[in-house]
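Colleague: Kindly generate the corresponding structure for this input.
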Amino acid sequence: MRELFCILLIFSFLTAKLDAQKSRLPHPTAAQLAWHETEFYLFFHFGPNTFSNLEWGHGNETEDSFYPTALDCEQWCRIAKQAGAKGVIITAKHHDGFCLWPSQYSKHTVRESKWRDGKGDVLRELADAARKHGLKLGFYLSPWDRNHPQYGTPEYNDIYANTLTELLTSYGELFEIWWDGANGEGPNGKKQVYDFHRFEKIAAKLQPNAVIFSDIGPGCRWAGNEQGLILTETNWCTLDTAGFQRGAGGPPQDTLNQGNINGAHWIPAECDVSIRPGWFYHAEEDEKVKTPDQLMDIYLHSVGRGANLILNVPPDRRGLIHERDSASLVEFGRKLKEGFDENLLHGRKREFIYRPCAFVPRRLIGDVNDGDLSTFERVSFDRFGGAVVNFDLRRKKSFNSVVLREFIAEGQRVKSFKIEVKKGKKWQEVANSTTIGARKIVSFPTVKARRLRVTILQSREEPLLSEIELYRI
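Modeller: Below is the predicted model of the structure:
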(Lines give C-alpha, C1' and ligand atoms only; values in the text may rest on other atoms or scores of the structure.)
Protein backbone atom coordinates (compact mmCIF):
# COMPACT_ATOMS: atom_id res chain seq x y z
CA MET A 1 0.00 0.00 0.00
CA ARG A 2 2.83 2.34 0.87
CA GLU A 3 4.51 1.64 -2.50
CA LEU A 4 1.26 2.42 -4.31
CA PHE A 5 0.98 5.71 -2.43
CA CYS A 6 4.54 6.68 -3.44
CA ILE A 7 3.85 5.82 -7.06
CA LEU A 8 0.70 7.95 -7.03
CA LEU A 9 2.58 10.83 -5.43
CA ILE A 10 5.39 10.71 -8.03
CA PHE A 11 2.85 10.45 -10.84
CA SER A 12 0.92 13.42 -9.53
CA PHE A 13 4.17 15.44 -9.34
CA LEU A 14 5.04 14.68 -12.96
CA THR A 15 1.47 15.28 -14.13
CA ALA A 16 1.33 18.58 -12.29
CA LYS A 17 4.56 19.73 -13.91
CA LEU A 18 3.37 18.68 -17.35
CA ASP A 19 -0.04 20.30 -16.92
CA ALA A 20 1.55 23.54 -15.74
CA GLN A 21 3.71 23.62 -18.84
CA LYS A 22 0.67 22.99 -21.04
CA SER A 23 -1.31 25.92 -19.66
CA ARG A 24 -2.47 28.22 -22.44
CA LEU A 25 -3.51 31.05 -20.17
CA PRO A 26 -1.87 34.44 -20.82
CA HIS A 27 1.06 34.94 -18.47
CA PRO A 28 3.53 37.72 -17.70
CA THR A 29 6.90 38.31 -19.31
CA ALA A 30 10.01 38.31 -17.15
CA ALA A 31 9.86 42.12 -17.07
CA GLN A 32 6.23 42.05 -15.95
CA LEU A 33 7.00 39.50 -13.23
CA ALA A 34 9.70 41.82 -11.86
CA TRP A 35 7.23 44.72 -12.12
CA HIS A 36 4.63 42.79 -10.08
CA GLU A 37 7.18 42.27 -7.33
CA THR A 38 7.88 46.01 -7.20
CA GLU A 39 4.30 46.51 -5.94
CA PHE A 40 4.58 50.10 -4.63
CA TYR A 41 6.57 53.10 -5.84
CA LEU A 42 6.49 56.90 -5.79
CA PHE A 43 5.67 59.33 -8.58
CA PHE A 44 7.30 62.77 -8.68
CA HIS A 45 5.43 65.45 -10.63
CA PHE A 46 7.96 68.25 -10.88
CA GLY A 47 8.62 71.06 -13.36
CA PRO A 48 7.48 74.59 -14.29
CA ASN A 49 3.99 73.81 -12.94
CA THR A 50 5.56 73.56 -9.47
CA PHE A 51 6.41 77.25 -9.73
CA SER A 52 3.42 78.52 -11.76
CA ASN A 53 0.88 76.82 -9.48
CA LEU A 54 -0.70 75.09 -12.48
CA GLU A 55 -1.58 71.45 -13.11
CA TRP A 56 -1.26 71.62 -16.88
CA GLY A 57 1.25 74.22 -18.06
CA HIS A 58 0.63 76.17 -21.26
CA GLY A 59 4.08 75.60 -22.73
CA ASN A 60 4.94 79.31 -22.80
CA GLU A 61 6.45 79.44 -19.31
CA THR A 62 9.96 80.88 -19.31
CA GLU A 63 12.83 78.48 -18.63
CA ASP A 64 13.98 80.66 -15.74
CA SER A 65 10.69 80.01 -13.95
CA PHE A 66 12.14 76.61 -13.05
CA TYR A 67 14.43 77.35 -10.12
CA PRO A 68 14.42 74.92 -7.17
CA THR A 69 16.51 76.52 -4.44
CA ALA A 70 17.56 73.35 -2.59
CA LEU A 71 17.00 70.37 -4.89
CA ASP A 72 17.86 67.15 -3.06
CA CYS A 73 16.93 63.95 -4.88
CA GLU A 74 18.60 61.94 -2.15
CA GLN A 75 16.01 63.29 0.27
CA TRP A 76 13.29 62.09 -2.09
CA CYS A 77 14.79 58.61 -2.21
CA ARG A 78 15.40 58.37 1.54
CA ILE A 79 11.74 59.14 2.14
CA ALA A 80 10.68 56.67 -0.56
CA LYS A 81 12.66 53.93 1.20
CA GLN A 82 11.17 54.83 4.57
CA ALA A 83 7.69 54.67 3.06
CA GLY A 84 8.32 51.14 1.83
CA ALA A 85 8.48 52.08 -1.86
CA LYS A 86 10.67 50.03 -4.18
CA GLY A 87 10.97 52.50 -7.03
CA VAL A 88 10.53 56.09 -8.22
CA ILE A 89 9.19 57.61 -11.44
CA ILE A 90 9.50 61.28 -12.46
CA THR A 91 7.85 63.52 -15.03
CA ALA A 92 10.90 63.95 -17.25
CA LYS A 93 8.72 66.04 -19.58
CA HIS A 94 5.12 67.00 -18.88
CA HIS A 95 2.59 68.51 -21.29
CA ASP A 96 4.27 71.93 -21.11
CA GLY A 97 7.23 70.41 -22.97
CA PHE A 98 9.86 71.45 -20.43
CA CYS A 99 12.64 68.84 -20.17
CA LEU A 100 14.20 68.22 -16.76
CA TRP A 101 17.39 67.20 -18.54
CA PRO A 102 19.39 69.10 -21.22
CA SER A 103 17.82 67.38 -24.22
CA GLN A 104 19.43 68.06 -27.57
CA TYR A 105 15.99 67.84 -29.21
CA SER A 106 14.41 70.80 -27.41
CA LYS A 107 15.21 74.39 -26.57
CA HIS A 108 12.86 74.35 -23.58
CA THR A 109 15.02 72.57 -20.98
CA VAL A 110 17.03 73.04 -17.78
CA ARG A 111 19.95 74.02 -20.02
CA GLU A 112 18.19 77.28 -20.91
CA SER A 113 17.39 78.08 -17.25
CA LYS A 114 19.50 79.82 -14.63
CA TRP A 115 19.21 76.84 -12.32
CA ARG A 116 22.65 75.29 -11.76
CA ASP A 117 23.89 77.93 -14.26
CA GLY A 118 22.30 75.93 -17.05
CA LYS A 119 24.37 72.84 -16.24
CA GLY A 120 21.82 70.99 -14.16
CA ASP A 121 20.15 67.64 -14.86
CA VAL A 122 17.36 66.57 -12.51
CA LEU A 123 17.19 63.11 -14.07
CA ARG A 124 20.90 62.50 -13.51
CA GLU A 125 20.63 63.51 -9.86
CA LEU A 126 17.58 61.29 -9.35
CA ALA A 127 19.12 58.32 -11.19
CA ASP A 128 22.24 58.53 -9.03
CA ALA A 129 20.21 58.84 -5.82
CA ALA A 130 17.90 55.96 -6.77
CA ARG A 131 20.85 53.65 -7.42
CA LYS A 132 22.47 54.66 -4.15
CA HIS A 133 19.35 53.84 -2.19
CA GLY A 134 18.47 50.65 -4.04
CA LEU A 135 15.38 51.98 -5.80
CA LYS A 136 14.18 51.18 -9.31
CA LEU A 137 13.86 54.09 -11.74
CA GLY A 138 11.22 55.03 -14.28
CA PHE A 139 10.39 57.99 -16.53
CA TYR A 140 7.20 59.74 -17.63
CA LEU A 141 7.65 61.32 -21.06
CA SER A 142 4.55 63.14 -22.25
CA PRO A 143 3.85 62.69 -25.98
CA TRP A 144 1.82 65.91 -25.86
CA ASP A 145 4.08 68.95 -26.08
CA ARG A 146 2.56 72.42 -25.83
CA ASN A 147 5.89 74.09 -26.51
CA HIS A 148 7.64 72.32 -29.37
CA PRO A 149 7.07 74.14 -32.71
CA GLN A 150 6.98 70.84 -34.65
CA TYR A 151 4.15 69.37 -32.58
CA GLY A 152 1.21 68.50 -34.84
CA THR A 153 3.41 67.62 -37.81
CA PRO A 154 4.82 64.28 -39.04
CA GLU A 155 8.29 65.51 -38.07
CA TYR A 156 7.31 65.57 -34.40
CA ASN A 157 7.15 61.77 -34.30
CA ASP A 158 10.82 61.76 -35.34
CA ILE A 159 11.60 64.29 -32.61
CA TYR A 160 9.73 62.29 -29.98
CA ALA A 161 11.43 59.07 -31.09
CA ASN A 162 14.83 60.73 -30.82
CA THR A 163 13.95 62.24 -27.44
CA LEU A 164 12.78 58.85 -26.19
CA THR A 165 15.98 57.22 -27.43
CA GLU A 166 18.04 59.87 -25.67
CA LEU A 167 16.15 59.31 -22.44
CA LEU A 168 16.33 55.52 -22.54
CA THR A 169 20.06 55.38 -23.23
CA SER A 170 21.39 57.97 -20.80
CA TYR A 171 20.35 56.99 -17.28
CA GLY A 172 20.77 53.25 -16.85
CA GLU A 173 18.16 50.53 -16.55
CA LEU A 174 14.51 51.50 -16.14
CA PHE A 175 11.66 49.42 -14.77
CA GLU A 176 8.77 51.47 -16.21
CA ILE A 177 8.03 53.96 -18.98
CA TRP A 178 4.91 56.03 -18.37
CA TRP A 179 2.68 57.30 -21.19
CA ASP A 180 -0.67 58.96 -20.68
CA GLY A 181 -3.24 59.54 -23.39
CA ALA A 182 -3.31 63.34 -23.34
CA ASN A 183 -3.41 64.75 -26.87
CA GLY A 184 -4.20 68.45 -27.01
CA GLU A 185 -3.14 71.25 -29.29
CA GLY A 186 0.42 72.44 -29.70
CA PRO A 187 1.61 76.05 -30.04
CA ASN A 188 0.53 75.97 -33.68
CA GLY A 189 -3.03 74.93 -32.79
CA LYS A 190 -2.58 71.44 -34.24
CA LYS A 191 -2.93 67.98 -32.69
CA GLN A 192 -0.49 65.14 -33.21
CA VAL A 193 -1.13 61.65 -34.55
CA TYR A 194 1.26 59.65 -32.36
CA ASP A 195 3.22 56.76 -33.83
CA PHE A 196 2.98 54.63 -30.69
CA HIS A 197 3.94 51.41 -32.48
CA ARG A 198 7.26 52.99 -33.38
CA PHE A 199 7.73 54.28 -29.84
CA GLU A 200 6.99 50.83 -28.39
CA LYS A 201 9.61 49.21 -30.61
CA ILE A 202 12.22 51.73 -29.48
CA ALA A 203 11.39 51.10 -25.82
CA ALA A 204 11.44 47.32 -26.26
CA LYS A 205 14.85 47.47 -27.92
CA LEU A 206 16.54 49.93 -25.59
CA GLN A 207 14.89 49.01 -22.27
CA PRO A 208 13.71 45.38 -22.56
CA ASN A 209 13.27 45.11 -18.78
CA ALA A 210 10.91 48.08 -18.58
CA VAL A 211 7.14 47.80 -18.79
CA ILE A 212 5.12 50.46 -20.61
CA PHE A 213 2.16 52.01 -18.80
CA SER A 214 -0.87 53.32 -20.68
CA ASP A 215 -4.60 52.67 -20.93
CA ILE A 216 -3.87 49.60 -23.05
CA GLY A 217 -0.34 48.74 -21.96
CA PRO A 218 1.35 46.81 -23.41
CA GLY A 219 3.16 46.41 -20.07
CA CYS A 220 0.55 47.53 -17.56
CA ARG A 221 -2.76 49.37 -17.68
CA TRP A 222 -4.37 52.33 -15.98
CA ALA A 223 -6.84 51.17 -13.33
CA GLY A 224 -9.53 53.55 -14.61
CA ASN A 225 -9.49 56.10 -11.77
CA GLU A 226 -7.09 58.42 -9.98
CA GLN A 227 -8.19 57.33 -6.51
CA GLY A 228 -5.54 54.60 -6.37
CA LEU A 229 -8.17 51.89 -5.99
CA ILE A 230 -9.37 48.62 -7.42
CA LEU A 231 -13.03 49.28 -6.68
CA THR A 232 -14.26 45.70 -6.48
CA GLU A 233 -12.90 42.41 -5.16
CA THR A 234 -12.29 41.29 -8.75
CA ASN A 235 -9.12 42.18 -10.64
CA TRP A 236 -7.97 40.15 -13.63
CA CYS A 237 -4.49 40.83 -14.97
CA THR A 238 -5.69 40.09 -18.50
CA LEU A 239 -7.20 42.57 -20.95
CA ASP A 240 -8.56 42.68 -24.47
CA THR A 241 -7.17 45.66 -26.39
CA ALA A 242 -8.48 45.07 -29.92
CA GLY A 243 -10.32 48.17 -31.17
CA PHE A 244 -9.08 50.39 -28.32
CA GLN A 245 -6.55 53.22 -28.22
CA ARG A 246 -4.74 55.21 -25.58
CA GLY A 247 -6.58 58.11 -24.03
CA ALA A 248 -10.18 58.84 -25.04
CA GLY A 249 -10.31 55.67 -27.12
CA GLY A 250 -9.42 53.40 -24.21
CA PRO A 251 -11.56 50.62 -22.70
CA PRO A 252 -14.43 51.54 -20.35
CA GLN A 253 -13.28 52.50 -16.87
CA ASP A 254 -14.92 49.52 -15.17
CA THR A 255 -13.11 47.20 -17.61
CA LEU A 256 -9.80 48.93 -16.89
CA ASN A 257 -10.48 48.47 -13.19
CA GLN A 258 -11.46 44.79 -13.29
CA GLY A 259 -9.76 43.54 -16.46
CA ASN A 260 -11.24 40.79 -18.66
CA ILE A 261 -11.48 37.26 -17.29
CA ASN A 262 -10.78 35.88 -20.77
CA GLY A 263 -8.55 38.72 -21.89
CA ALA A 264 -6.04 37.85 -24.57
CA HIS A 265 -3.09 39.80 -23.12
CA TRP A 266 -1.38 39.99 -19.74
CA ILE A 267 -1.77 43.70 -18.96
CA PRO A 268 -2.10 44.11 -15.17
CA ALA A 269 -3.51 47.15 -13.41
CA GLU A 270 -1.53 50.03 -11.94
CA CYS A 271 -3.38 52.29 -9.50
CA ASP A 272 -2.32 55.95 -9.51
CA VAL A 273 -3.17 58.54 -6.87
CA SER A 274 -1.63 61.68 -5.41
CA ILE A 275 -0.89 62.22 -1.74
CA ARG A 276 -2.44 65.68 -2.26
CA PRO A 277 -5.54 66.80 -4.19
CA GLY A 278 -3.32 67.98 -7.06
CA TRP A 279 -0.48 66.30 -8.90
CA PHE A 280 1.98 69.18 -8.72
CA TYR A 281 2.91 71.01 -5.52
CA HIS A 282 0.56 73.78 -4.36
CA ALA A 283 1.23 75.49 -1.02
CA GLU A 284 -2.50 75.84 -0.37
CA GLU A 285 -2.71 72.04 -0.21
CA ASP A 286 -0.23 71.66 2.63
CA GLU A 287 -3.12 70.97 5.01
CA LYS A 288 -4.67 68.39 2.69
CA VAL A 289 -2.00 65.70 2.65
CA LYS A 290 -3.40 62.19 2.98
CA THR A 291 -2.92 60.66 6.40
CA PRO A 292 -1.02 57.40 7.06
CA ASP A 293 -4.35 55.64 7.66
CA GLN A 294 -5.70 56.88 4.34
CA LEU A 295 -2.54 55.67 2.60
CA MET A 296 -2.88 52.27 4.25
CA ASP A 297 -6.48 52.00 3.07
CA ILE A 298 -5.38 52.85 -0.49
CA TYR A 299 -2.60 50.25 -0.26
CA LEU A 300 -5.01 47.52 0.86
CA HIS A 301 -7.37 48.34 -2.03
CA SER A 302 -4.65 48.43 -4.69
CA VAL A 303 -1.68 46.22 -3.88
CA GLY A 304 -4.07 44.23 -1.70
CA ARG A 305 -6.20 43.50 -4.75
CA GLY A 306 -3.45 42.38 -7.08
CA ALA A 307 -2.49 45.74 -8.63
CA ASN A 308 0.60 47.92 -8.29
CA LEU A 309 0.37 51.29 -6.56
CA ILE A 310 2.09 54.44 -7.83
CA LEU A 311 1.72 57.20 -5.25
CA ASN A 312 2.44 60.75 -6.40
CA VAL A 313 4.46 62.88 -3.97
CA PRO A 314 5.20 66.26 -5.62
CA PRO A 315 8.41 68.05 -4.57
CA ASP A 316 7.91 71.66 -3.52
CA ARG A 317 9.54 74.82 -4.88
CA ARG A 318 12.68 74.16 -2.89
CA GLY A 319 13.04 70.84 -4.67
CA LEU A 320 12.26 68.92 -1.47
CA ILE A 321 9.48 66.62 -0.31
CA HIS A 322 7.46 68.84 2.00
CA GLU A 323 7.59 68.13 5.72
CA ARG A 324 3.91 67.20 5.91
CA ASP A 325 4.19 64.73 3.05
CA SER A 326 7.35 63.30 4.56
CA ALA A 327 5.80 62.80 8.00
CA SER A 328 2.78 61.03 6.55
CA LEU A 329 4.90 58.78 4.33
CA VAL A 330 7.32 57.78 7.09
CA GLU A 331 4.47 56.88 9.45
CA PHE A 332 2.72 54.96 6.67
CA GLY A 333 5.95 53.05 6.05
CA ARG A 334 6.16 52.22 9.73
CA LYS A 335 2.59 50.93 9.75
CA LEU A 336 3.24 48.90 6.62
CA LYS A 337 6.36 47.28 8.02
CA GLU A 338 4.85 46.64 11.42
CA GLY A 339 1.63 45.20 9.99
CA PHE A 340 3.34 42.73 7.67
CA ASP A 341 6.44 42.03 9.72
CA GLU A 342 5.47 38.66 11.24
CA ASN A 343 3.88 36.02 9.03
CA LEU A 344 2.22 33.71 11.55
CA LEU A 345 2.21 30.85 9.05
CA HIS A 346 5.87 30.87 8.10
CA GLY A 347 7.36 27.52 8.99
CA ARG A 348 4.16 26.27 10.56
CA LYS A 349 2.85 22.78 10.01
CA ARG A 350 1.03 22.37 6.72
CA GLU A 351 -1.83 19.88 6.91
CA PHE A 352 -3.53 17.89 4.18
CA ILE A 353 -7.03 16.61 4.73
CA TYR A 354 -7.42 13.01 3.57
CA ARG A 355 -11.04 12.19 2.86
CA PRO A 356 -12.32 8.76 1.81
CA CYS A 357 -11.92 8.41 -1.97
CA ALA A 358 -10.41 11.90 -2.22
CA PHE A 359 -7.59 12.43 -4.69
CA VAL A 360 -4.05 12.45 -3.39
CA PRO A 361 -3.08 16.12 -2.95
CA ARG A 362 -0.41 17.16 -5.44
CA ARG A 363 2.57 19.23 -4.45
CA LEU A 364 5.05 20.81 -6.76
CA ILE A 365 8.46 22.36 -6.07
CA GLY A 366 7.69 24.14 -2.78
CA ASP A 367 5.20 24.88 -0.03
CA VAL A 368 2.73 27.74 0.19
CA ASN A 369 4.38 28.88 3.42
CA ASP A 370 8.07 28.69 2.54
CA GLY A 371 8.46 32.45 1.96
CA ASP A 372 9.75 31.86 -1.56
CA LEU A 373 7.77 33.47 -4.39
CA SER A 374 9.60 31.38 -6.96
CA THR A 375 8.03 28.18 -5.63
CA PHE A 376 4.43 27.06 -5.75
CA GLU A 377 2.08 24.31 -4.75
CA ARG A 378 -0.58 22.76 -6.90
CA VAL A 379 -3.76 22.41 -4.87
CA SER A 380 -6.03 19.80 -6.44
CA PHE A 381 -9.79 19.82 -6.41
CA ASP A 382 -11.28 16.71 -4.86
CA ARG A 383 -14.64 15.12 -5.56
CA PHE A 384 -16.20 17.27 -2.84
CA GLY A 385 -15.65 20.36 -5.00
CA GLY A 386 -12.94 22.21 -3.12
CA ALA A 387 -9.21 22.69 -3.24
CA VAL A 388 -8.29 22.89 0.43
CA VAL A 389 -5.19 24.07 2.26
CA ASN A 390 -5.11 23.65 6.05
CA PHE A 391 -2.74 25.03 8.67
CA ASP A 392 -2.16 24.19 12.30
CA LEU A 393 -0.68 27.10 14.29
CA ARG A 394 0.01 24.71 17.23
CA ARG A 395 -1.69 27.10 19.61
CA LYS A 396 -4.40 29.72 19.35
CA LYS A 397 -3.30 33.06 17.94
CA SER A 398 -5.07 36.31 17.12
CA PHE A 399 -5.12 37.45 13.49
CA ASN A 400 -7.22 39.49 11.06
CA SER A 401 -5.60 39.32 7.63
CA VAL A 402 -4.67 36.63 5.13
CA VAL A 403 -2.39 37.28 2.15
CA LEU A 404 -2.70 34.94 -0.84
CA ARG A 405 -0.40 34.82 -3.86
CA GLU A 406 -0.87 32.85 -7.04
CA PHE A 407 2.06 31.58 -9.06
CA ILE A 408 1.28 34.05 -11.83
CA ALA A 409 4.19 32.93 -14.00
CA GLU A 410 1.70 30.30 -15.19
CA GLY A 411 -1.23 32.72 -15.44
CA GLN A 412 -4.06 33.85 -13.19
CA ARG A 413 -6.47 31.06 -12.34
CA VAL A 414 -8.48 31.49 -9.15
CA LYS A 415 -12.01 32.85 -9.55
CA SER A 416 -13.22 32.57 -5.93
CA PHE A 417 -12.18 31.30 -2.51
CA LYS A 418 -13.13 31.35 1.16
CA ILE A 419 -11.24 31.50 4.45
CA GLU A 420 -12.31 29.61 7.57
CA VAL A 421 -11.11 29.08 11.13
CA LYS A 422 -11.98 26.15 13.36
CA LYS A 423 -14.16 26.95 16.36
CA GLY A 424 -14.49 23.87 18.52
CA LYS A 425 -15.37 21.05 16.13
CA LYS A 426 -16.83 23.29 13.43
CA TRP A 427 -15.32 25.43 10.70
CA GLN A 428 -16.47 29.06 10.63
CA GLU A 429 -16.14 31.24 7.52
CA VAL A 430 -14.48 34.59 8.23
CA ALA A 431 -14.06 35.92 4.68
CA ASN A 432 -14.55 35.15 1.01
CA SER A 433 -13.50 36.87 -2.19
CA THR A 434 -12.98 36.46 -5.92
CA THR A 435 -9.66 36.80 -7.76
CA ILE A 436 -6.19 36.48 -6.22
CA GLY A 437 -3.50 37.23 -8.82
CA ALA A 438 -0.12 38.56 -7.73
CA ARG A 439 -1.31 39.37 -4.23
CA LYS A 440 -4.64 39.43 -2.40
CA ILE A 441 -4.94 40.86 1.10
CA VAL A 442 -8.15 39.79 2.81
CA SER A 443 -8.99 41.48 6.12
CA PHE A 444 -11.68 40.52 8.62
CA PRO A 445 -12.54 41.15 12.30
CA THR A 446 -9.81 39.81 14.56
CA VAL A 447 -10.28 36.18 15.52
CA LYS A 448 -8.39 33.85 17.83
CA ALA A 449 -7.93 30.33 16.54
CA ARG A 450 -5.43 27.52 16.10
CA ARG A 451 -6.48 26.15 12.72
CA LEU A 452 -6.93 28.01 9.44
CA ARG A 453 -8.41 26.70 6.20
CA VAL A 454 -8.31 28.25 2.72
CA THR A 455 -10.61 26.70 0.13
CA ILE A 456 -10.41 27.53 -3.56
CA LEU A 457 -14.00 27.36 -4.78
CA GLN A 458 -13.62 28.11 -8.48
CA SER A 459 -10.60 28.23 -10.75
CA ARG A 460 -10.01 28.46 -14.50
CA GLU A 461 -7.40 25.74 -14.24
CA GLU A 462 -6.07 23.84 -11.25
CA PRO A 463 -4.80 26.44 -8.75
CA LEU A 464 -1.10 27.12 -8.36
CA LEU A 465 -0.56 28.93 -5.06
CA SER A 466 2.79 30.49 -4.31
CA GLU A 467 2.21 31.77 -0.78
CA ILE A 468 -0.38 31.94 1.98
CA GLU A 469 0.48 34.36 4.78
CA LEU A 470 -1.27 35.26 8.02
CA TYR A 471 -1.02 38.54 9.95
CA ARG A 472 -2.49 40.68 12.66
CA ILE A 473 -2.45 44.19 11.17
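Colleague: Outline the domain layout of this protein.
Modeller: Per automatic domain parsing, the structural domains of the chain span 30-339, 343-471.
Colleague: Where among the ones you listed is average confidence lowest?
Modeller: Comparing mean pLDDT across the domains of the chain, the weakest is domain 343-471, with a mean of 85.
Colleague: mind checking how far the strand or helix carrying residue 448 is from the chain centre?
Modeller: Here residue 448, judged by DSSP states H and E, is contained in strand 440-459. Centroid separation for strand 440-459 versus its chain: 24 Å, with CA atoms, centre = their mean, to the nearest Å.
Colleague: re the thing from before, residue 24: which of the domains of the chain is closest?
Modeller: Closest approach to residue 24 among the domains of the chain is made by domain 343-471 (8.4 Å; CB to CB). Just so you know, the C-beta spots here come from the backbone N, C-alpha and C atoms, and that holds for glycine as well.
Colleague: Show me the helices in the chain, by range?
Modeller: 2-22, 30-38, 48-52, 73-83, 122-132, 154-168, 196-206, 253-258, 292-300, 323-339 (DSSP state H).
Colleague: per-residue confidence averaged over the longest one?
Modeller: Per-residue confidence for helix 2-22 averages out to 43 on the pLDDT scale.
Colleague: tell me the angle the strand holding residue 448 makes with helix 292-300.
Modeller: Angle of strand 440-459 versus helix 292-300, following axes from the mean of the first three to the mean of the last three CA atoms, to 10 degrees, is 20 degrees.
Colleague: Mind telling me which residue is nearest the centre of this protein?
Modeller: Among the residues of the chain, the one closest to the centroid is residue 308, at 1.8 Å (CA atoms, centre = their mean).
Colleague: give the contact list for that one.
Modeller: For residue 308, the contacting residues are 35-36, 38-41, 220, 268-271, 302, by CB atoms under 8 Å, 6 or more residues apart in numbering.
Colleague: okay, the helices of the chain in CSV with mean neighbour count and distance to residue 461 next?
Modeller: Output for these, formatted as CSV (neighbours: other CB atoms under 10 Å; distance: least, CB to CB, whole Å):
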stretch, mean neighbour count, distance to residue 461
helix 2-22, 12, 8
helix 30-38, 18, 19
helix 48-52, 22, 48
helix 73-83, 21, 37
helix 122-132, 20, 39
helix 154-168, 18, 37
helix 196-206, 15, 29
helix 253-258, 18, 20
helix 292-300, 18, 28
helix 323-339, 18, 32
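Colleague: Would you format those as CSV with distance to residue 213 included?
Modeller: Formatted as CSV, these follow (distance: least, CB to CB, whole Å):
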stretch, distance to residue 213
helix 2-22, 29
helix 30-38, 10
helix 48-52, 20
helix 73-83, 18
helix 122-132, 18
helix 154-168, 14
helix 196-206, 11
helix 253-258, 12
helix 292-300, 18
helix 323-339, 22
